[in-house]
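> have a look at this fold, sequence not included:
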C-alpha cells in the first residue's frame with residue numbers, strides 16, 4: 001500500500017502542474033470565452049489524464065507482480081528438488097511443484113498458448129518511429145495485402161492533409177502492417193517512408209509489423225456461424241490484429257481511435273474528436289466509447305486506459321465472431337440486463353456508446369483483403385464526398401489528346417467547376433495549359449484520382465514547360481520543341497513544385513504520359529500560382 005500511495009501522490013502532483021500550465025497557457029482565451037466553461041473543460045481533460053496515468057501505473061505493477069510470481073515458481077521448484085522432496089512423493093505432480101495454496105493469474109498465454117513456444121512472439125518484427133508518448137490522440141491503422149488495389153497511401157494523404165500542425169505534434173498514427181510477407185512489408189515501409197518522410201522523421205507516423213509467431217495456427221480454425229473456413233480464419237486474424245494494436249498503443253496517449261486503411265476523414269477531425277470527448281467528460285456522461293462512423297470498427301474512440309477491457313474480450317472470443325459483432329456483444333454484456341428487451345437495451349447502450357453526427361469518416365474501399373469479397377458499404381451520416389478541390393487559376397486555353405467522359409471536361413476542371421475524367425490514357429497523350437500572353441508562374445499543384453476512384457491516377461507522367469524565351473543556360477533537360485521538364489508525378493499521383501525563375505515567363509504547361517495507364521484518369525485538383533505583382 002505504501003508504494004500505491006506514493007505513486008498516486010506523485011501522479012496528483014504532476015497532473016496539478018499540468019492543469020496549472022494549461023490554465024495559464026489558455027489565460028488569453030479566457031478573456032473571450034466563458035472562464036467557467038474553460039475551467040470545466042480543463043478539469044475534464046485532467047480527469048481523463050488521471051485515468052490514463054493510473055492505468056499505466058497499474059500495468060507496471062501487474063508486470064512487477066507477475067515477475068515475482070515467476071520467480072516464486074522457479075524458486076519453489078528449485079527448493080523441492082534441492083530438498084529431495086521428489087523422493088518422498090511431495091513433488092510427483094505439477095501442482096506440487098507450482099504450489100496449490102496460491103491463486104494463479106490468467107494472462108495472454110492462456111488465450112494464445114502458442115506465444116510460449118517463442119520468447120520473441122510479443123516483440124514486433126519491425127518498429128520504425130520515434131517512440132512518441134504522451135499525445136492526446138493515437139490512431140491505429142491496420143493494413144494488409146489486397147488482391148488488386150491498396151488504399152493506404154490515399155488514406156494517409158487525406159488524414160495528414162486534414163490535420164493542423166499543432167494537432168500533428170499532439171498525435172500519433174500507428175500503421176500496423178499485419179503481414180508476414182517480407183517483400184510486402186518492405187515495399188509498404190518504402191512507400192510510407194518516401195512519401196511521408198517528414199511525418200515519419202517527426203514521430204507522427206510509426207510503422208509496426210508483428211512477429212509471425214504472434215499468431216496461432218490459423219489453419220486449425222474451423223468455420224463458424226455458417227462462414228467458410230477461409231472467411232472464419234480471415235476474421236479471426238483480423239480480431240488478433242485489433243488486439244495487438246491496442247496492446248501496443250495503450251500507453252502512448254490519452255485517447256485511442258480505431259481506423260482502417262481505406263477511409264477518408266473530414267478536415268479538423270482530430271480537434272472535433274478531442275473536443276467531443278472532453279465535452280462528454282465535462283458533462284459527466286458515463287461514456288466508454290465515442291463513435292465517429294456508423295460502419296464496422298471505423299472511427300471508434302476509447303480512453304487508452306480502457307483498452308485492456310476490450311483486448312481481453314477479443315482474445316477470449318477472437319475465433320468465434322467478427323470484430324464488430326464482438327464489439328456489440330462487449331457492450332451488451334457490460335450494460336444490458338439478461339431479461340431486458342432489445343429496445344431498452346439499445347437505450348441503455350446509448351448512454352455509454354455515444355454516436356457523433358454527422359460522421360467524420362467514410363469508407364472508400366471496394367476491394368477487400370478477403371479474396372472475392374466486395375465491400376460497398378457507405379456511411380450515410382457522412383454526407384457527400386469532396387470529389388474535387390476548386391481553385392481560381394489564371395486564364396488559359398486547355399487542350400488534351402485524352403477524350404473526356406460526359407460532363408467531366410478539362411476546361412471545367414481547370415476553372416474549378418468539376419473534375420476531369422479522361423478515358424484510358426495511352427503513351428504519348430498530353431494535357432496542356434496555354435497562356436497568351438505568357439505569365440510568371442510561382443508554384444503548381446496537381447492531384448489525380450479522387451475518393452470514389454482512387455486508382456484513376458497518373459504515375460508515369462512528366463510536367464514540361466515552354467518558356468516564352470529560351471534561357472541561355474539551365475540545369476533542366478530541354479525536350480522537343482524547346483519544352484523543358486521540371487517535374488513528374490509521384491506514387492500518389494500528385495505533382496507539385498516551384499517553377500525556376502530562370503524559365504519565367506511561361507507560355508505553356510504540358511503533362512506528357514511516358515507509358516500506358518491501366519485505368520481511366522481523374523484530375524481532381526489543379527492549382528497554378530502566379531508570381532505576385534509588386
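Great, that's in hand. Because the structure is a prediction, the values reported are computed rather than measured.

> contacts, neighbours, all on C-alpha from now
Noted.

> now do the contacts for the nearest residue to residue 506 once chain neighbours are set aside.
Once flanking residues are discounted, residue 506 sits nearest to residue 467: 4.5 Å by Cα to Cα, 6 or more residues apart in numbering. By Cα atoms under 8 Å, 6 or more residues apart in numbering, the contact set of residue 467 is 482, 483, 484, 503, 504, 505, 506, 507, 508.

> please apply the same query to residue 300.
Counted by Cα under 8 Å, 6+ apart, residue 300 has contacts 257, 258, 259, 289, 290, 291, 292, 293.

> could you give the number of residues near the fifth one?
So that's residue 290. For residue 290, the count of nearby residues is 21 (other Cα atoms under 10 Å).

> what distance do you get for it to residue 183?
Residue 290 sits 37 Å away from residue 183, taking Cα to Cα, to the nearest Å as the criterion.

> and if you look at the third one?
Counting by Cα to Cα, the gap from residue 259 to residue 183 is 24 Å.

> and the fourth one, by the same measure?
According to Cα to Cα, residue 289 stands 37 Å off from residue 183.

> comparing these two, which residue is more hemmed in?
Counted by other Cα under 10 Å, residue 289 and residue 183 do not tie: residue 289 has more neighbours, with 21 against 10.

> what's the weakest-modelled helix or strand in this protein?
The helix or strand of the chain with the poorest confidence is helix 27-30; it has a mean of 42 (mean pLDDT, DSSP states H and E).

> show me where the stretch 51-200 of the chain has its helices.
For the stretch 51-200 of the chain, applying DSSP state H, counting those that start in this stretch gives helices covering 94-98, 108-111, 152-161, 165-169, 182-195, 197-202.

> nearest to residue 389, of these?
When these are ranked by proximity to residue 389, the top entry is helix 152-161, at 12.7 Å, counting by Cα to Cα.

> what is the rounded mean pLDDT of the closest one?
Mean per-residue pLDDT for helix 152-161: 91.

> same question for stretch 236-246.
96.

> can you check stretch 420-434 too?
93.

> pull out the buried positions in that stretch.
Judged by neighbour count (16 or more other Cα atoms under 10 Å), stretch 420-434 contains these buried residues: 420, 421, 422, 425, 426, 429, 430, 431, 432, 433, 434.

> would you agree the fourth one is in contact with residue 512?
No - using Cα atoms under 8 Å, residue 425 and residue 512 do not qualify as a contacting pair, with a distance of 10.5 Å.

> next one, pLDDT for residue 439 please.
On pLDDT, residue 439 comes in at 93.

> which residues touch it?
Contacts of residue 439 (Cα under 8 Å, 6+ apart): 504, 505, 506, 507, 530.

> beta partners for it?
Note on residue 439: beta-bridge partners by DSSP bridges are residue 506.

> any idea how far it lies from residue 487?
In this view, residue 439 and residue 487 are 19 Å apart by Cα to Cα.

> please apply the same query to residue 274.
The gap separating residue 274 from residue 487 is 39 Å, by Cα to Cα.

> and residue 510, by the same measure?
11 Å.

> between these two, which contacts overlap?
463, 464.

> who has more neighbours, these two?
Comparing residue 510 with residue 487 by other Cα under 10 Å, the one with more neighbours is residue 510, at 21 against 18.

> can I take it that that one is in a strand?
Yes - assignment of residue 510 by DSSP: H, G, I helix; E, B strand; the rest coil places it within a strand.

> quick one: contacts for it?
Neighbouring residues of residue 510 by Cα under 8 Å, 6+ apart: 430, 431, 432, 433, 463, 464, 465.

> tell me what it is bridged to.
Bridge pairing for residue 510 - DSSP bridges - gives residue 432, residue 464.

> check it and give its pLDDT.
The per-residue pLDDT of residue 510 was computed as 95.

> from residue 461, how far off is it?
For residue 510 relative to residue 461 (Cα to Cα), the value is 10 Å.

> before we move on, what about residue 450?
18 Å.

> need the three-state assignment for residue 267.
Going by three-state DSSP, the secondary structure assigned to residue 267 is coil.

> what sits against the residue nearest to it when sequence neighbours are not counted?
Spatial nearest neighbour of residue 267, chain neighbours left out: residue 162 (4.2 Å); criterion: Cα to Cα, 6+ apart. By Cα under 8 Å, 6+ apart, the contact set of residue 162 is 265, 266, 267, 268, 269.

> so the third one touches residue 167, yeah?
Same thing as residue 267. No - taking contacts as Cα under 8 Å, residue 267 lies outside contact range of residue 167: 11.7 Å.

> of those two, which one has the most company?
Using other Cα under 10 Å as the criterion, residue 267 and residue 167 rank with residue 167 on top: 19 against 16.

> quick one, what contacts the closest residue in space to the more buried one that isn't next to it in sequence?
Nearest-residue entry for residue 167: residue 270, 7.0 Å, with adjacent residues in sequence omitted and distances by Cα to Cα, 6+ apart. Residues in contact with residue 270 (Cα under 8 Å, 6+ apart) are 137, 163, 167.

> pretty sure residue 270 sits in a helix.
Yes - under three-state DSSP, residue 270 sits within a helix.

> what's the pLDDT at it?
95.

> tell me the one of the contacts of residue 439 nearest residue 520?
Distance to residue 520, by Cα to Cα, is smallest for residue 507 among the contacts of residue 439, at 28.1 Å.

> sweet, I'm off.
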